[in-house]
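J.: Quick one: sequence and predicted model below, then my questions.
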Amino acid sequence: MSRRFVFGTNLKMNQTAAESVRFVQDVLDGLEPVEGCQFFVIPPFTSLPAVAPLAAGSPLWIGAQNMHWATDGAYTGEISAGMLTSIGVQLVLLGHAERRGLFGETDEAIDRKVTAALAAGLKVLLCVGETAAEKDFGVGEETVSRQLKIALHGMDAVALPQVQIAYEPVWSIGAGGTPARPADVTPIAAHLRTTLTALYGDHGQGVPILYGGSVDPTNAGDFTALPDIDGLFVGRAAWTADGYRDVLAAGLAGLAGRR
Ligand code: PGA
């Protein structure tokens, strides 16, 4: 089954609204639509109202970095799915390693968020990944399948086309991270695919699995050359429009080599 290729970046806690407008405009200016490819940018909440209209009707989804599962209520500091869709946000990132590790987000909370996001009509980019300790103990596969099964618990196959998975080994993310080798990624990506098909049969074959963690133009093609990897989820290397284009070009070259 041919899966779409999904590529984009999470800006984390970087950029003012004005900076995001310039960044998204520059990314859009340099973006050639590619058959079967979907692009995204996930800026901070404060940039969303300014950039969502810029990308409307383009091949770029604008995403939020998090949301709450409730539709409204006494949840100081939180944002609901309906607030995001009301300003044209199409995608929400859920379960990023920094949310899990720094802010105590649990698998159960992520399950509730996935359910709420899909019910509100948002697409979901769900992150899974093992820590360095889990890798050393040899429980990487168990970790990602547990995260995946809980996050998708109770979800009907009908919603599956709205879901993309990012495999991001926690030990590979950020300035202190060690880039994973393709040999680290292959078995986990295959295990995620097996888990998806165990849950959803053939429908599980259609879910894109992205790789993320210290991706840059020098290694992007190594990951997209892997049969179970269907895109890239990039941080630092794609925080300039030139960087975004360079990593994308390298990723597409890796993909072309395998097709
Ligand atoms: P990085 O970030 O590419 O800067 O390692 C990846 C991520 O946090 O998703």
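T.: Sure, I can see it. The structure displayed is predicted, hence computed values, not measured ones.

J.: Tell me who's in contact with residue 180.
T.: Residue 180 sits next to 169, 171-172, 211, 213-214 when contact means CB atoms under 8 Å, 6 or more residues apart in numbering. C-beta here means a position set from N, CA and C on the backbone, and glycine is covered the same way.

J.: quick one: which of the residues you listed has the most company?
T.: residue 211 (31 neighbours; other CB atoms under 10 Å).

J.: That residue: what's it in contact with?
T.: Residues near residue 211 by CB under 8 Å, 6+ apart: 166-168, 180, 185, 189, 223-224, 226, 229, 231-233.

J.: Let's see that with 10 Å instead.
T.: Applying CB atoms under 10 Å, 6 or more residues apart in numbering, one finds that residue 211 lies in contact with 129, 166-169, 172, 180, 182, 184-185, 188-189, 219-220, 222-224, 226, 228-234, 251.

J.: do residue 223 as well
T.: By CB under 10 Å, 6+ apart, the residues touching residue 223 are 167, 179-182, 185-186, 189, 210-213, 215, 229, 231-232, 250-251, 254-255.

J.: quick one: the strands in the stretch 101-250 of the chain?
T.: 123-128, 163-167, 209-212, 231-234 (DSSP state E, counting those that start in this stretch).

J.: State the distance from residue 63 to the ligand.
T.: Distance of residue 63 to the ligand, computed by CB to the nearest ligand atom, to the nearest Å: 12 Å.

J.: That residue looks like it's in a helix, true?
T.: No: assessed with DSSP: H, G, I helix; E, B strand; the rest coil, residue 63 is strand; it does not lie in a helix.

J.: That one: how many residues sit nearby?
T.: 24.

J.: and the gap between it and residue 150?
T.: 22 Å (CB to CB, to the nearest Å).

J.: same deal with residue 27?
T.: Taking CB to CB as the measure, residue 27 falls 33 Å from residue 150.

J.: who's more crowded, these two?
T.: Just comparing residue 27 and residue 150: by other CB under 10 Å the higher neighbour count belongs to residue 27, 26 against 17.

J.: near the ligand, which residues of this protein?
T.: Counting by CB under 6 Å from any ligand atom, the residues of the chain lying close to the ligand are 10, 168, 173-174, 177, 212-215, 233-237.

J.: Let me know the closest of the residues you listed to the ligand.
T.: residue 235 (2.2 Å; CB to the nearest ligand atom).

J.: That closest one is in contact with residue 93, isn't it?
T.: No: taking contacts as CB atoms under 10 Å, residue 235 lies outside contact range of residue 93: 11.6 Å.

J.: what residues are shared contacts of the two?
T.: Shared contacts of residue 235 and residue 93, defined by CB under 10 Å, 6+ apart, comprise residue 10.

J.: where in this protein is pLDDT low?
T.: Low-confidence segments of the chain (pLDDT under 70): 1, 259.

J.: What ranges does it have for its helices?
T.: All helices of the chain, identified by DSSP state H, fall at 17-29, 48-55, 81-86, 97-103, 107-119, 132-136, 140-151, 182-200, 220-224, 241-258.

J.: Please point out which parts of the longest one sit buried.
T.: Of all the residues in helix 182-200, those buried under the rule 16 or more other CB atoms under 10 Å are 184-186, 188-189, 191-193, 195-196, 199-200.

J.: Just list what it packs against, helices and strands only.
T.: Judged by 3 or more CB pairs under 10 Å, 6 or more residues apart in numbering; DSSP states H and E, the packing partners of helix 182-200 are strand 123-128, helix 140-151, strand 163-167, strand 209-212, helix 220-224.

J.: For it, list the C-alpha coordinates in CSV.
T.: This file holds the C-alpha atoms of helix 182-200, laid out as CSV (Å, rounded to 0.1, in the frame of the first residue of the first chain):
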residue,chain,number,x,y,z
PRO,A,182,19.0,3.6,10.5
ALA,A,183,19.7,0.3,12.2
ASP,A,184,18.1,1.6,15.4
VAL,A,185,15.0,2.8,13.6
THR,A,186,14.3,-0.1,11.3
PRO,A,187,13.1,-2.7,14.0
ILE,A,188,11.1,-0.1,16.0
ALA,A,189,9.3,1.2,12.8
ALA,A,190,8.6,-2.4,11.8
HIS,A,191,7.3,-3.1,15.3
LEU,A,192,5.0,-0.1,15.1
ARG,A,193,3.7,-1.3,11.8
THR,A,194,3.0,-4.7,13.2
THR,A,195,1.2,-3.2,16.2
LEU,A,196,-0.9,-1.0,13.9
THR,A,197,-1.9,-4.0,11.7
ALA,A,198,-2.7,-6.1,14.8
LEU,A,199,-5.0,-3.3,16.0
TYR,A,200,-6.6,-2.4,12.6
